[in-house]
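In: Sequence first, predicted model second:
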Amino acid sequence: MAEKPQLVSVSPEDIETDECLRTYTHIYSPDLLIDQVAFITGGGSGIGFRIAEVLMRHGCDTVIASRNLEKLSEAAKKLTSATGKRCLPIVMDVRQPETITSAVDETLKTFGRVDILINNAAGNFLCPATSLSFNAFKTVMEIDTMGTFNASKVVFDKWFKDHGGSIVNISATLGYRGQALQVHAGSAKAANDAMTRHLAVEWGPSGVRVNTVAPGPISGTEGYRRLGGSLAETAGAFRGIPLQRAGNKTEIAHAVLFLASRAASYVTGTILVADGGAWLTSANDMERMLGIISSRSAKL
Ligand SMILES: CC/C=C\C/C=C\C/C=C\C/C=C\C/C=C\C/C=C\C=C\C(=O)SCCNC(=O)CCNC(=O)[C@H](O)C(C)(C)COP(=O)(O)OP(=O)(O)OC[C@H]1O[C@@H](n2cnc3c(N)ncnc32)[C@H](O)[C@@H]1OP(=O)(O)O
Ligand SMILES: NC(=O)C1=CN([C@@H]2O[C@H](COP(=O)(O)OP(=O)(O)OC[C@H]3O[C@@H](n4cnc5c(N)ncnc54)[C@H](OP(=O)(O)O)[C@@H]3O)[C@@H](O)[C@H]2O)C=CC1
C-alpha cells in the first residue's frame, strides 16, 4: 500500500518561537524586493515578525511598528542579524493617527521611501457576545479596523499617492461561517475585507494595489495562544481542516510576499485565503473546542 503523504508545513523547523528561521529556502528570487522598504504594523512578534523576516530575505529593508519599544528593538536586532538588511523599530499605536504620522515621517527620513504597507496589528480574545462590554467591542474595532484605515491613509497621503505602492492587510477566515466567541474580531475583519475592495478601487489609479491575506489558525503566536490554539491542537480540533493541521507563520508570510511584490502586479482588491481549507468544512470540531475552551476559562 502506498504510504500516506505527510502533511508537513513548508518549514517544519518553524516552531513556536519568535526566533528567525534556522534554515530558509527561497521560493522567489532573493532580490525580488531589492531596494524597497516595507512598513509592518505589529512586526515585532508573531506573524508580523515572520513577514518582516521573509520580506527582508527577499531584499528589502523594513520598519516594524507597534507599542512596545523593548520588544521591537530586540526583534529588529534579530531580523538584521539573520538577513543582513536594515530594520527600524518605531513605537506607534495604530489607534492614534498622530503616532502613525510621526512613524511614517521617521521612515521617510531614514529610508527615503516606503513601497509596502502590511496592516498586521490586531487585538483579540475569546468572549461570548453576552459578556462582551461595549468598550471591548469598540476596542477591537479601533485596533483592527480603524487601525488598518489609519495606517493606510497616512502612508497613502505621505507617499503612495505620488509614488504608488502595495498594501497587504491581514484578515482571518474565522468570521466566514460565523463563529461563537468572536463577534468583535469577526466583525472587525469583515469590515477590513470590505475596506480592501473599496481602497483598491479608489487608489488603483494612483498605482496602489490593496490586497488581503486571510489566515486560519496559525501556530506559534500570542494570538494563537490567547484563542486556545495549543489546547485545540492537543485535543485534535484541527483534524477537521482539509489539510488537517494549523498553519505556520512562514506560510502566511509567503502569501503576503506574493501579494506585496511585483509577482502580483495585476492583482488588487483580492483576498487570498490561507487557512488549509478550514472555513470550507463543517465547523463542528472547532465549535466543540470553543465550547471546551470557554468552559475552562472565562478570560484567556
Ligand atoms: C478558520 C478557523 C478559525 C478559527 C478556528 C476556531 C476555533 C478553533 C478553536 C480554538 C482556537 C484555536 C486557534 C486560534 C484560531 C484562530 C485565531 C484567529 C484570530 C486571531 C487573531 C489574533 O490573534 S489578533 C492578535 C492577538 N493579540 C493581541 O490581542 C495582542 C494585543 N492585545 C491587546 O492589546 C489587548 O488584549 C486588547 C485587545 C484588549 C487591547 O488592550 P487595551 O487597549 O489595553 O484594552 P483594555 O483596557 O485592556 O480592554 C478594553 C476593553 O476590553 C475588555 N477586555 C479585554 N480583554 C478581554 C477579554 N479577554 N475578554 C473580555 N473582555 C476583555 C476590557 O475589559 C475592556 O472593557 P471594559 O468594558 O472593562 O472597559
Ligand atoms: N495567529 C492566528 O491564528 C491568526 C492570526 N490572525 C491575524 O494575524 C495578525 C497577527 O496576529 P498574531 O501574530 O497571531 O498575534 P500577535 O499578538 O503576536 O501580534 C499582534 C501584534 O499587533 C501589535 N499590536 C496590537 N495592538 C496594537 C496597536 N494598538 N498598535 C500597534 N500595534 C499593535 C502587537 O504588538 P504590541 O503589543 O507591541 O503593540 C503585536 O506585535 C493579526 O492581524 C491577527 O488577527 C488571523 C487569523 C489567525
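Out: Perfect, I can see it now. Numbering: from 1, shown residues only. Ligands and ions are numbered 1, 2, ... in the order given.
In: From now on I want contacts and neighbour counts done on CA atoms only, so please keep to that.
Out: OK.
In: Tell me the residues on this protein that lie near ligand 2, please.
Out: 41-48, 66-68, 92-95, 120-123, 143, 170-172, 215-219, 221-224 (Cα under 6 Å from any ligand atom).
In: Got a quick PyMOL command for the buried subset of those residues?
Out: Restricted to buried positions by 16 or more other Cα atoms under 10 Å, the PyMOL selection for the residues of the chain next to ligand 2 reads:
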select buried, resi 41+42+43+44+45+46+47+48+66+92+93+94+95+120+121+122+143+170+171+172+215+216+217+218+219+221+223+224
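In: Okay, now the unreliable bits of the stretch 151-300 of the chain?
Out: For the stretch 151-300 of the chain, the stretches with pLDDT under 70 are 282-300.
In: That one: helices as residue ranges?
Out: Under the criterion DSSP state H, counting those that start in this stretch, the stretch 151-300 of the chain contains helices at 161-163, 183-203, 222-226, 229-234, 249-260, 284-296.
In: Determine which stretch of those helices is the most buried.
Out: Across the helices of the stretch 151-300 of the chain, the average number of neighbours (mean count of other Cα atoms under 10 Å) peaks for helix 249-260, which reaches a mean of 23.
In: so what does that one touch, helix or strand wise?
Out: Contacts defined by 3 or more Cα pairs under 8 Å, 6 or more residues apart in numbering; DSSP states H and E place helix 249-260 against helix 46-57, strand 165-170, strand 208-215, strand 271-274.
In: got these as a markdown table, with distance to Ser131 columns?
Out: Converted to a markdown table, the helices and strands packed on helix 249-260 look like this (distance: least, Cα to Cα, whole Å):
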| stretch | distance to Ser131 |
| --- | --- |
| helix 46-57 | 28 |
| strand 165-170 | 26 |
| strand 208-215 | 26 |
| strand 271-274 | 30 |
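In: pretty sure Pro89 is touching Ile64, no?
Out: Yes - Pro89 is within contact range of Ile64, at 5.0 Å (criterion: Cα atoms under 8 Å).
In: so what's in contact with the two at the same time?
Out: Leu72, Ala76 (Cα atoms under 8 Å, 6 or more residues apart in numbering).
In: shaky segments in the stretch 1-150 of the chain?
Out: In the stretch 1-150 of the chain (pLDDT under 70), the answer is 1-18.
In: So which residues of it form helices?
Out: In the stretch 1-150 of the chain, the helices defined using DSSP H, counting those that start in this stretch lie at 46-57, 69-83, 97-111, 134-140, 147-155.
In: closest to ligand 1 out of those helices?
Out: Comparison of the helices of the stretch 1-150 of the chain against ligand 1 by Cα to the nearest ligand atom identifies helix 134-140 as nearest, at 3.3 Å.
In: What residues sit buried inside that closest one?
Out: Buried residues in helix 134-140 (16+ other Cα under 10 Å): Phe137, Thr139, Val140.
In: check contacts around the second one.
Out: Yep, that's Thr139 we're talking about. Thr139 sits in contact with no residue, where contact means Cα under 8 Å, 6+ apart.
In: what's the spacing between it and His184?
Out: 9 Å (Cα to Cα, to the nearest Å).
In: again, but for the last one
Out: Between Val140 and His184 the computed distance is 6 Å (Cα to Cα).
In: Would you mind giving the helices of the stretch 151-300 of the chain as CSV with distance to Lys78 added?
Out: Below are these laid out as CSV (distance: least, Cα to Cα, whole Å):
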stretch, distance to Lys78
helix 161-163, 30
helix 183-203, 30
helix 222-226, 18
helix 229-234, 25
helix 249-260, 16
helix 284-296, 34
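In: could you dump those helices to TSV with distance to ligand 1?
Out: Shown next, in TSV, are the helices of the stretch 151-300 of the chain (distance: least, Cα to the nearest ligand atom, whole Å):
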stretch	distance to ligand 1
helix 161-163	29
helix 183-203	7
helix 222-226	3
helix 229-234	3
helix 249-260	12
helix 284-296	4
